[in-house]
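Colleague: Below: sequence and its predicted model.
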Amino acid sequence: MMQASEIQKKLESALSKSEVIVQDLTGTMDHFQVLAISPDFEGKTMIEQHQMIYAALGDAMKEAIHALSIKSYTPEEWKSGN
């Protein structure tokens, strides 16, 4: 199990100048939704952005997180209404 705040810290450390919001969707600390906004996503496909998030979470994806819903945006995409 993992706290949403732990996931947020990992992602904010891995993604420069990022804004990250993590929600525990079920209260069981293993199903989460992530909203990540970072300039690191510039020029990356959605799949590449999600791979960056998975990489940042590392072993937690195998050991503590059962389900992860991801919404990732560049700052420009976010400003323009997604």
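Modeller: Received, thanks. Being a predicted model, the structure only gives us computed values, none of them experimental.
Colleague: So what touches the lowest-mean-pLDDT helix or strand in the chain?
Modeller: Lowest on mean pLDDT, DSSP states H and E among the helices and strands of the chain sits helix 60-63, with a mean of 93. With contacts defined as CB atoms under 8 Å, 6 or more residues apart in numbering, helix 60-63 is touched by 2, 6-7, 10, 54, 68. Quick note: C-beta positions are derived from backbone N, CA and C, even for glycine.
Colleague: Flag whichever of those residues scores worst on pLDDT.
Modeller: Model confidence across the contacts of helix 60-63 bottoms out at residue 2, which has 93.
Colleague: Quick check: phi and psi at it.
Modeller: Main-chain dihedrals, residue 2, degrees, to the nearest 10: phi -150, psi 140.
Colleague: which ones are touching the residue lying closest to it once chain neighbours are set aside?
Modeller: Spatial nearest neighbour of residue 2, chain neighbours left out: residue 64 (4.1 Å); criterion: CB to CB, 6 or more residues apart in numbering. Contacts for residue 64 (CB under 8 Å, 6+ apart) come out as 1-2, 29-30.
Colleague: and if you look at residue 55?
Modeller: Residues in contact with residue 55 (CB under 8 Å, 6+ apart) are residue 14.
Colleague: Poorly predicted segments of the protein, please.
Modeller: For the chain, the stretches with pLDDT under 70 are 82.
Colleague: name the element the most centrally placed residue in it belongs to?
Modeller: Taking CA atoms, centre = their mean, the centroid of the chain lies closest to residue 34, which sits 4.4 Å from it. In the assignment (DSSP states H and E), residue 34 maps to strand 31-37.
Colleague: strands paired with that strand, and their directions?
Modeller: Neighbouring strands of strand 31-37 in its sheet, by DSSP bridges, are strand 19-24 (antiparallel), strand 67-73 (parallel).
Colleague: Hmm, the residue nearest to the centre of the chain is touching residue 7, no?
Modeller: Yes - between residue 34 and residue 7 there is a contact under CB atoms under 8 Å: 6.9 Å.
Colleague: what do those two both touch?
Modeller: In contact with both residue 34 and residue 7: residue 22, using CB under 8 Å, 6+ apart.
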